[in-house]
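>>> here is my input, please return the structure:
(chains A and B)
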Amino acid sequence: MNLNEWIKNNTMHHSRFWDLKKLVKEKEEQGLKISLCLPTLNEEKTIGKEIVMFKSELVDRYPLLDEIAVIDSGSVDNTREIAATFGADVYLSAEILPQYGEKKGKGENLWKAVYELNGDIIVYVDADIKNIHPRFVYGLVAPLIYRPEVHYVKAFYDRPLAFSQGVRPSGGGRVTEILTRPLFSLFFPDLTGLIQPLSGEYAARREVLESIPFPIGYGVETSHLIDIYEKWGMEAIAQVDLDQRVHRNQETRDLGKMAFGILRAFLFRAEAFGVIGELPELNTLLRQFQAKEETFEQVVHEIVEEERPPMIELPEYREKFGIKG
Amino acid sequence: MKNKFNDISEILELVPTLPDQLMSIQETLIANLIMLGEIPAPTFEESARVKLYLQRLVESGLENVSTDEAGNGVGILRGKDPERNILLVAHADSVYTDKADHTLSVYADEITGPGISDNSLGMAVLTTLPTILNHLGLELNSNLILLSSTKGLGRGNLDGLRFFMENNDIPFDAGICVEGAQLGRLSYAAEGMFRGHISCRIPEELDWKMAGQHSAIIAINDIVNRILEIPLPRRPRTTVVLGAIRGGKSYNVMATHSSLRFEVRSESAEMVESIRAKIEEIIAHVTATHNAEFEFNVVSFREPGGIDIGHPLVKSCRQIMDTLGMETAIRPSMSEVSELISRGLPSITLGITEVSNLHDLNETIQIKPIYTGLAQLLAVLLAIDGGFCNEPE
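Numbering: from 1, shown residues only, chains lettered A, B, ... in the order given. Down below sits the predicted model:
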């Protein structure tokens, strides 16, 4: 499949899947179980709304979801309390597989969800979305239900309110356009077909999630795409337009940290797949500037992209899910 | 749940158990509330919110789900007796334009956002009512007509509801208006009322040196002082509320425009009319003394009326509220109930929960009292449905 064909066939709009009755019927016929994972860290402003919406629409009204779980990194606000009030299963990340220790980062929660949740499909949705709507889940899950060859579905957001000409620029955020897309263009051109490779909402089959490693920090999305592409090819990946997503804006300084983490994860992957030669030891310190009156000083952040191994390699996981051999 | 009641006391026995039973519909109600409340619906522009309301009624299997020329949204939940009809009304419009951020925030005990109690919650309750009745296994004799009316607030002047009442031929037995605020509210009468808008203009060609003497602010101030001098009787109870005043541009610029918005209320229609006439006289007088042009518009108007405190509908409501431990706040209303009352339909307005910061952008509703508010609404429905709220023949 060439890239244009892939974009044509594997890029969809959520409105194609509006018929939830049909979707649930198809899911039940296939005997699939679907889990929703909401990774959190101090999200009390938005978490309640997300859970209420998904439970009402996708559990009570149309039983698409079998499980709604919050995996929390140790929020100091009322995130866990609010989540429990509205009926989500709430887990403290540190208490899942505690024998493997606790690492800080969103990827850690996503990895632990693979062990803790029971679904054949796991859908990950960030907990900071202000304009939450059921499409954020059914839009991502539907291609996995209707198309067996698809293993991983990524969200993108594109909703022009008004545009006078037929062609308009589209794509991702600042880090995507300045870092990820140029890197993909250089080393993994097929992956440039993804409009927003860094979006935090995606759904995947268990057999995919259990067999890939999880960087615990910023690099998790980039690393997953490369791994899935190398193992299953572009045919296994799809992307769905979920219209608009309203969330907190990040400072450029924070995006710098994100870019640093992504770059480290990318370089490790590129090295592992032999796309580039052997790397020297990479620095873990990101240096940024701040000014105090006339003097400039450096602020140093240590960003270590640690990685969790594929879940299937853990004896605890194999036992829980009855995997032999 | 029991479906047949021999008298109101059997309903009152059931009432204390209802709030707990209703908690299981929490997510459905709040999800409806979020989806409706996050769609802007300023008066005259309610169509998107009404569209979602209608979609939800269709999904709940209601009949005759439709909209009309006024943009109202309505659906009928059929009862066992085709002759009996109860009208439930929640207005769809809010005071916020689409420029306001309509995002709602959901916390463990409360939900915050513009217009959440006035009246997204009322609308969400109507939307969720079919699910609630189904969940409790309640089948009513009466048809429930679930109306979300448009053009209710301000210059809307209840036009949506008025259109609906003038253009349908359903014989209603009673009407219930559902509002988010406040739990314990019981309105069954309307005061006479008019809302007036006076605008003042001073010709711009006036000599700037005279700015100290001639000003639209001074002219409107004269109007205000003279309105305040109108003697108001204690009986029939009569009030004048000066609601909003605007005028001028900056520190040192002669004010050429000003305006005043006010409301006159009275238990007597004659008193309302007499005050309106006095205000016209005041304007005529001030026009001459200030060299100003005035325009006086009555933007909305209500006839006084209502049912008596001894009416079985009111008595039943008070008994239900007492049983639920609610503090009843009886007050006349200017809203939807006044339109129903003026047509001779025994009607009440009920509030659903406790509300703070009413009409601010951070309007906040408490979640837990909602179940008491819903229990009250259901019990009143059962009482009307059982025929315990009819006046003796």
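>>> and the residue lying closest to residue B:223 once chain neighbours are set aside, how many neighbours?
With sequence-adjacent residues excluded and distances taken as Cβ to Cβ, 6 or more residues apart in numbering or on different chains, residue B:223 is closest to residue B:286, at 5.5 Å. In short, each C-beta sits where N, CA and C put it, glycine included. Look at residue B:286: counted by other Cβ atoms under 10 Å in any protein chain shown, it has 21 neighbours.
>>> tally of neighbours for residue A:91?
20.
>>> quick one: stretch B:301-310 to chain centroid distance?
Its chain's C-alpha centre lies 15 Å from the corresponding centre of stretch B:301-310 when counted by Cα atoms, centre = their mean, to the nearest Å.
>>> three-state assignment of the residue in the stretch 101-250 of chain A that chain B sits nearest to?
Of all residues in the stretch 101-250 of chain A, residue A:130 sits closest to chain B, at 5.1 Å by Cβ to the nearest Cβ. Per DSSP: H, G, I helix; E, B strand; the rest coil, the local secondary structure of residue A:130 is coil.
>>> report the contact partners of residue B:136.
Neighbour list for residue B:136: B:1, B:18, B:21-22, B:378 [criterion: Cβ atoms under 8 Å, 6 or more residues apart in numbering or on different chains].
>>> looking at the residues you listed, spot the one nearest chain A.
Comparing the contacts of residue B:136 against chain A with Cβ to the nearest Cβ picks out residue B:22 as the nearest, at 14.3 Å.
>>> you'd agree that closest one is up against residue B:371?
Yes. In this structure residue B:22 lies within contact range of residue B:371 using Cβ atoms under 8 Å: 4.6 Å.
>>> can you report how many residues neighbour residue 194?
Assuming you mean chain A. Neighbours of residue A:194 (other Cβ under 10 Å): 28.
>>> wrong chain, I was asking about chain B
Residues near residue B:194, counting by other Cβ under 10 Å, number 19.
>>> likewise for residue B:86?
Residue B:86 has 23 neighbouring residues, counting by other Cβ under 10 Å.
>>> which SSE is it in?
strand B:85-91 (DSSP states H and E).
>>> what's the offset of the next helix or strand after that strand from the middle of its chain?
Per DSSP H and E, the first helix or strand lying C-terminal to strand B:85-91 is strand B:105-106. With Cα atoms, centre = their mean as the basis, strand B:105-106 stands 24 Å off its chain's centre.
>>> residue A:240 belongs to a strand, doesn't it?
Yes. Residue A:240 forms part of a strand when assessed by three-state DSSP.
>>> if I look at it, what pLDDT would I see?
On pLDDT, residue A:240 comes in at 97.
>>> from residue A:65, how far out is it?
Separation of residue A:240 from residue A:65 (Cβ to Cβ, to the nearest Å): 17 Å.
>>> and these two? Which one has more around it.
More neighbours surround residue A:240 than the other of residue A:240 and residue A:65, with 27 against 24 (other Cβ under 10 Å).
>>> check contacts around residue B:330.
Residues in contact with residue B:330 (Cβ under 8 Å, 6+ apart) are B:186-188, B:309.
>>> quick one: it from residue A:68, how far?
Distance from residue B:330 to residue A:68, by Cβ to Cβ: 43 Å.
>>> the closest residue to residue B:220 other than its chain neighbours: neighbour count?
Once flanking residues are discounted, residue B:220 sits nearest to residue B:258: 4.1 Å by Cβ to Cβ, 6+ apart. Neighbour count for residue B:258, taken as other Cβ under 10 Å: 24.
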